[in-house]
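Engineer: okay, predicted coordinates and the sequence, questions at the end:
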Amino acid sequence: MTVNLSKGQGISLQKADGGTLTAVRMGLGWQAAPRRGLFGSRTREIDLDASALLFADKQPVDVVFFQKLVSDDGSVRHTGDNRVGGAGQGGDDEAILVDLQRVPVHINEIAFTVNSFTGQTFGEVQNAFCRLVDETTGQELARYTLDGGGQYTAQIMAKVHRSGNGWAMTAIGTPANGRTFQDLVPAVQASL
Amino acid sequence: MTAELTRGQNHPLSETRLEIRVSAGTPVVAGATLGDADGKVADAAWVAHPASPQLPGLEVSRQAAADHRLAVDLDAVPDAVHRVNVLLALPAGVGGPARFGDMAAPFLAVTSLEGAEVASYTITDLDAESAVVALELYRRQGAWKVRAVGQGYAGGLAAMLADQGLPGAAETAKAIDEAVAGGMARAIAPPPSRQSQGEGAVRRAAQTGGNAMDAGLAAVRPDHDPQPAPGDGLAGGPAAQQPPATGGPVSYQHPRRRTSTPPEPAPAAPQAEPGQPARPVAGDASGWTMNERLYNQVWGMFEDLARTTAAYRSAVDFAESRLEQELDRVLSDPRTRVGPAADAARQEARAKQDALVEQARAALDRDLAQLAAESEVVEHALPPAFARWDSPVWQGYQAPLETPMALRLGDLRLPERTNLRIPMLVRLPLERGLWIDSGRSDGTDAGLVDSAELRRLAMDTAVAHAARLLAVYPVGDLTVHVIDPAGSAGAALAPLLQSGALKEPPAAGAQGVTALLAQLTRRVDLVQMAVRSGAVDSLPPDLDVAEQLLIVNDFPHGFDDRAVTQLRYLADEGPAVGVHLMMVADREDSRVYGPVLDPLWRALLRITPVPSDHLADPWVGHAWTYEPSLVPAGSEVLRQVLWQVGQARRAYGL
């Protein structure tokens, strides 16, 4: 059962049977730019990048993005950079796996962001979405559609944070501008 | 698509001509029994085993081996046969492990004749068993299927065969043990038969094996009475099969492990079993061979230890910086600087720090316990190239038939848990030369050792590494040269020289150095030229095509400028064409050369004769304490292994 999230909405990641989730995947997908007829290789590809920022008491501690695919502690892993996108509404083009049990004890928030590395605004990108999947069962927990992004090149999508003994997720959906995650750190800190 | 079977799972077979590959890490006996519709084995003629390897549609190996290929043609199996059981057993009375729990988990794959895997099965959870029914091929509605069985028998073959209803199970089991003991005795002969080198080789061994096996059997019988199977042949009898408590049995279950699931929902407890951390099994990483899987597993453990320690250190650092900030805040506010409120605030800040550090320590301890349990299991399963010198595998050392993928140079550990040691494995052939630092540098525990002693230790370390390299390369595939200009390393080199493992005596004096370097430089030049022009077969016949290892002691003593240049050339160009350097040197000695030699030192992998924390991992860059892999004091293992190497070389006429 998928929840379509709206801005600011939160969901708990407690399972229905009382256990907590152990591993989640944040997936990002978008539709590739349409081919140009002649000289098709000069199609202006759309490169969106997913990043995860690890915070301890609102201080950035570590980051996972296309140039650093694994956090130092190994709990957050990026499956690799996709620079052209896929069909849209299909599978994930980039994914970040989080092993919640292995996240270091002082990390209490993980924020997920999307940047347009090639500079297109979300208004130009078709069918972009991000979603949270229970990695152990493959079940989609939440989906967030990146439409109506307007003249923005980045979005702070969601955060996964500690809540009680387990973890919860809150959709943030704050638009921002930036080429990589570095440009977003202040905006992310503001929205935690 | 390969189906990875778990115990009890079955899978349809679309082809009837199949091959079953077995890979077990240590020699095992592979056999097969044919069963009727009730699963009963009618008589001993329905058992394929080393003494009688062929049945209609079925052929097994005549020997105990770490790798087997069983050819199966299900169309040729008699119609009365409804089941084919593939079984593995540990050879009795030949000094190998006595129970499957002491070795790596055996792996079986059912493949088509083209080699495409249909189904595979790793037999985990074995403990005191010495025989196991691994797979079952059975008829179901006119077609054949395969099932992963994994049924072990502590009573060995006799108990297993009796369980399948075979009359005279004990006699058959005894015949198998005798045949295997005979085969093993023969396999020790210096030019080892290449029985596990592939399908064709298996055939050849099977054809020529008969006479030699009888001879071997006769020679071995008086002193090597194969372990008799329990008389009554039932599973109740085999108290003798229980391993002695001192035999180093590996417990897969770590005593200190607790279930990681919260105990609160009590009714869920039985189902919580799969949620526990998996019991560590040696060789459960990916890879094509057991050695590759063990190599990948060791690197996986290395990475996990690096990362889990990074998590701990990061949490502790954070807790400390937060404490400092909070204490500063208390101090900076004049109203709260003194008085009970300030004390309370300070105490609260300290309590917060303690709580976080304690949490981090608990997470670290949980991970370390899991890694320690895994390390214990893996360490026992390692082949000689990866094993410590005190490992029992060195006692049963035989010259290998192929170069292993990696070599253990020593152990790595972190201060958080000094008794958890990760083997440091480097790929073979060596990608960089080695520099065994005999100098007194930062980061070593050399404070208590004087410099002469350090030089002696460095040379001993070099000899231990060279001996290991000689032992793990196939006979004649590695030639070792030594430059010892002043003859100061005579004592350390004695084991290499006496055993005949060294082809020529160490090069002494400036002349010896020049001649040897010229010879190796010529080899590098010629091989490079041949490789570039694609004319490898036109190398001069007198050229030694084996890999070359050059040990240099007392550098730069005896070296002139020309020799130094040649050495640098060898360090840069040699590894790509099979010429490797092992420098035993103190960088201070060659200080007069100035920065000219810096590239030489940088090109080499620096290791030390004493523990030193100068190596960094590739993931987070912790400083790891390296400890060389040395022969335990008073142990004769190095001499024994080198003697075997020398024997094998003589047998090959080298």
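Structural biologist: Noted; the coordinates are in hand. Residues are numbered from 1 along each chain as shown, chains lettered A, B, ... in the order given.

Engineer: might you report the residue contacts of residue 72?
Structural biologist: I'll assume chain A. Residues in contact with residue A:72 (CB atoms under 8 Å, 6 or more residues apart in numbering or on different chains) are A:62, B:307, B:310, B:311, B:314, B:619, B:620. Where C-beta positions appear, they are placed from N, C-alpha and C, glycine not excepted.

Engineer: oops, chain B please
Structural biologist: B:17, B:18, B:19, B:20, B:32, B:57, B:58, B:84, B:137.

Engineer: quick one on the thing from earlier: can I get the contacts of residue A:72 in a markdown table with pLDDT, distance to residue B:525 and secondary structure?
Structural biologist: Below are the contacts of residue A:72 laid out as a markdown table (pLDDT from 0 to 100; distance: CB to CB, whole Å; DSSP: H, G, I helix; E, B strand; the rest coil):
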| residue | pLDDT | distance to residue B:525 | secondary structure |
| --- | --- | --- | --- |
| A:62 | 92 | 49 | strand |
| B:307 | 93 | 45 | helix |
| B:310 | 94 | 46 | helix |
| B:311 | 93 | 51 | helix |
| B:314 | 93 | 51 | helix |
| B:619 | 90 | 39 | coil |
| B:620 | 89 | 42 | coil |
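
Engineer: any idea which of those residues has the most stuff around it?
Structural biologist: Greatest neighbour count in the contacts of residue A:72, by other CB atoms under 10 Å in any protein chain shown, goes to residue B:311: 26 neighbours.

Engineer: tell me the contacts of the closest residue to it other than its chain neighbours?
Structural biologist: Excluding the flanking residues, the one nearest residue B:311 by CB to CB, 6 or more residues apart in numbering or on different chains is residue A:73, at 3.4 Å. For residue A:73, the contact set (CB under 8 Å, 6+ apart) comprises A:62, A:102, A:103, A:104, B:307, B:308, B:310, B:311, B:314.

Engineer: what about the contacts of residue B:72, which are in helices?
Structural biologist: Per DSSP state H, helices hold no members of the contacts of residue B:72.

Engineer: buried subset of those?
Structural biologist: B:18, B:19, B:20, B:32, B:57, B:58, B:84, B:137 (16 or more other CB atoms under 10 Å in any protein chain shown).

Engineer: about what we covered before: please report phi then psi for the residue nearest to residue B:311.
Structural biologist: In terms of degrees, to the nearest 10, the main-chain angles of residue A:73 are phi -80, psi -10.

Engineer: and residue B:376, by the same measure?
Structural biologist: Torsion angles at residue B:376 (phi, psi; degrees, to the nearest 10) stand at phi -60, psi -40.

Engineer: quick check: the gap between it and residue B:369.
Structural biologist: 11 Å (CB to CB, to the nearest Å).

Engineer: ranges for the strands of the stretch 501-650 of chain B?
Structural biologist: Taking DSSP state E, counting those that start in this stretch as the test, the strands found in the stretch 501-650 of chain B are B:547-553, B:579-585, B:605-607, B:612-616, B:623-628.

Engineer: what's the closest of the ones you listed to residue B:303?
Structural biologist: The closest of these to residue B:303 is strand B:623-628. By CB to CB, the value is 12.3 Å.

Engineer: can you list the residues of the stretch 301-450 of chain B near chain A?
Structural biologist: Contact residues (CB under 8 Å from any CB of the partner chain) of the stretch 301-450 of chain B with chain A: B:303-304, B:307-308, B:310-312, B:314-315, B:318-319, B:322, B:356, B:359-360, B:363.

Engineer: what's the most distant pair in these?
Structural biologist: Using CB to CB, those reach their maximum pairwise distance at B:303 and B:322, which is 28.4 Å.

Engineer: how about the nearest residue to residue A:9 once chain neighbours are set aside, secondary structure?
Structural biologist: Closest residue to residue A:9 apart from its sequence neighbours, by CB to CB, 6+ apart: residue A:171 at 5.1 Å. When classified by DSSP: H, G, I helix; E, B strand; the rest coil, residue A:171 comes out as strand.

Engineer: next one: residue A:171 from residue A:114, what distance?
Structural biologist: From residue A:171 over to residue A:114 (counting by CB to CB), the distance is 13 Å.

Engineer: so what sits against both of the two?
Structural biologist: In contact with both residue A:171 and residue A:114: residue A:157, using CB under 8 Å, 6+ apart.

Engineer: so between the two, which is more surrounded?
Structural biologist: Relative neighbour count places residue A:114 above the other of residue A:171 and residue A:114, with 28 against 23, counting by other CB under 10 Å.

Engineer: list the contacts for that one?
Structural biologist: Listed by CB under 8 Å, 6+ apart, the contact partners of residue A:114 are A:28, A:48, A:49, A:50, A:51, A:128, A:130, A:146, A:154, A:155, A:157.

Engineer: only the buried subset of those, as a ChimeraX command please.
Structural biologist: Those of those that count as buried under 16+ other CB under 10 Å are selected in ChimeraX with:
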select /A:28,48,49,50,51,128,130,146,154,155,157
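
Engineer: now for the contacts of residue B:72, which pair is the farthest apart?
Structural biologist: In terms of CB to CB, the contacts of residue B:72 reach their longest pairwise distance at B:17 and B:32, which sit 15.2 Å apart.

Engineer: so residue B:654 sits right up against residue B:476, yeah?
Structural biologist: Yes. Here residue B:654 reaches residue B:476: they are 5.1 Å apart, a contact under CB atoms under 8 Å.

Engineer: picking that back up, reformat the contacts of residue A:114 as JSON lines; add pLDDT.
Structural biologist: JSON lines is the format used below for the contacts of residue A:114 (pLDDT from 0 to 100):
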{"residue": "A:28", "pLDDT": "89"}
{"residue": "A:48", "pLDDT": "88"}
{"residue": "A:49", "pLDDT": "90"}
{"residue": "A:50", "pLDDT": "91"}
{"residue": "A:51", "pLDDT": "93"}
{"residue": "A:128", "pLDDT": "82"}
{"residue": "A:130", "pLDDT": "82"}
{"residue": "A:146", "pLDDT": "72"}
{"residue": "A:154", "pLDDT": "88"}
{"residue": "A:155", "pLDDT": "85"}
{"residue": "A:157", "pLDDT": "83"}
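
Engineer: in JSON lines: the contacts of residue A:114, plus distance to chain B and secondary structure.
Structural biologist: Output for those, formatted as JSON lines (distance: CB to the nearest CB, whole Å; DSSP: H, G, I helix; E, B strand; the rest coil):
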{"residue": "A:28", "distance to chain B": "24", "secondary structure": "strand"}
{"residue": "A:48", "distance to chain B": "27", "secondary structure": "strand"}
{"residue": "A:49", "distance to chain B": "22", "secondary structure": "strand"}
{"residue": "A:50", "distance to chain B": "21", "secondary structure": "strand"}
{"residue": "A:51", "distance to chain B": "19", "secondary structure": "strand"}
{"residue": "A:128", "distance to chain B": "32", "secondary structure": "coil"}
{"residue": "A:130", "distance to chain B": "26", "secondary structure": "strand"}
{"residue": "A:146", "distance to chain B": "32", "secondary structure": "coil"}
{"residue": "A:154", "distance to chain B": "27", "secondary structure": "strand"}
{"residue": "A:155", "distance to chain B": "28", "secondary structure": "strand"}
{"residue": "A:157", "distance to chain B": "25", "secondary structure": "strand"}
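
Engineer: which SSE is the residue nearest in space to the middle of chain A in?
Structural biologist: Residue closest to the mean C-alpha point of chain A, counted by CA atoms, centre = their mean, is residue A:112 at 4.1 Å. Per DSSP states H and E, residue A:112 falls inside strand A:109-116.

Engineer: do the same with residue B:424
Structural biologist: Remark: residue B:424 resides in strand B:417-427, with elements defined by DSSP H and E.
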